[in-house]
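In: Predicted model and sequence below, questions to follow.
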Amino acid sequence: MYTKKLPFKDFNNQPRNTTLTFNLTEREVFKLMVEFKFIFDWRDRIDVEDLIDVDPADVVEFYNNFEEIVLSAYGVMSQDGLYFDKTGKFKFEESAMFAAYMVETLRDLTEINRFLEGVLPKGMEDLVKAADESLAVAAANSENPAELRAQLAALQAQIDQRSAEIGSGE
């Protein structure tokens, strides 16, 4: 779970403060694997000093992927801690809070890292990277669709096992 205290101005230009909460489960991370893969690759490849030389198309793709992760992670935890309600995602997307959070975050690359560390369940970053590498190797080494399906099934079993280990705290 990641929380962020955010000062912002509403659409009436009135100053406000709020605390945003973000959370992703292992299941949700698997659904966002493509987006996370792009963000991790970007982060590993981009030198903060050379941001001026970044292709604008890469910036747009980064933003779109990061926005999808932020919107998927936004929600409100129930008082008893059993639920993380994400039904307000679309309302959040249209809010001054969302606009302010995205602008603040994109101006501070360390905030992006804090967000990612906060929303990713323990061990999931390594799992996302390993799954992507395994898929690339499987696709490159197989021309037979049945063989590729078998390799993908084996990879899915590894992912399921690792996810269970993460969930049990091993």
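Out: Arrived safely.
In: Check which helix or strand the most centrally placed residue in the chain maps to.
Out: The residue at the geometric middle of the chain, judged as the C-alpha nearest the mean C-alpha position with C-alpha atoms, centre = their mean, is residue 69 (4.0 Å). Residue 69 belongs to helix 56-73 when elements are defined using DSSP states H and E.
In: neighbouring contacts of that helix?
Out: Contacts with helix 56-73, where a contact means C-beta atoms under 8 Å, 6 or more residues apart in numbering, come from 2, 22-24, 28, 31-32, 34-36, 38-39, 42, 86, 89, 92-93, 98, 101-102, 105-106, 112, 115, 119. C-beta here means a position set from N, CA and C on the backbone, and glycine is covered the same way.
In: Restricted to helices, list these.
Out: Of the contacts of helix 56-73, the ones assigned to helices by DSSP state H are 28, 31, 34-36, 38-39, 42, 89, 92-93, 98, 101-102, 105-106, 112, 115, 119.
In: if we can go back for a sec, I'd like the average pLDDT over the helix holding residue 69.
Out: Model confidence over helix 56-73 averages 91 on the pLDDT scale.
In: Which positions in that helix come out as buried?
Out: 62, 65, 66, 67, 68, 69, 70, 71, 72, 73 (16 or more other C-beta atoms under 10 Å).
In: and which of those residues is nearest to residue 15?
Out: Within these, the smallest distance to residue 15 is 22.4 Å, found for residue 70 (C-beta to C-beta).
In: hmm, back to that, and which of the buried residues of helix 56-73 is nearest residue 80?
Out: Minimum distance to residue 80 across the buried residues of helix 56-73 is 20.4 Å, recorded for residue 73 (C-beta to C-beta).
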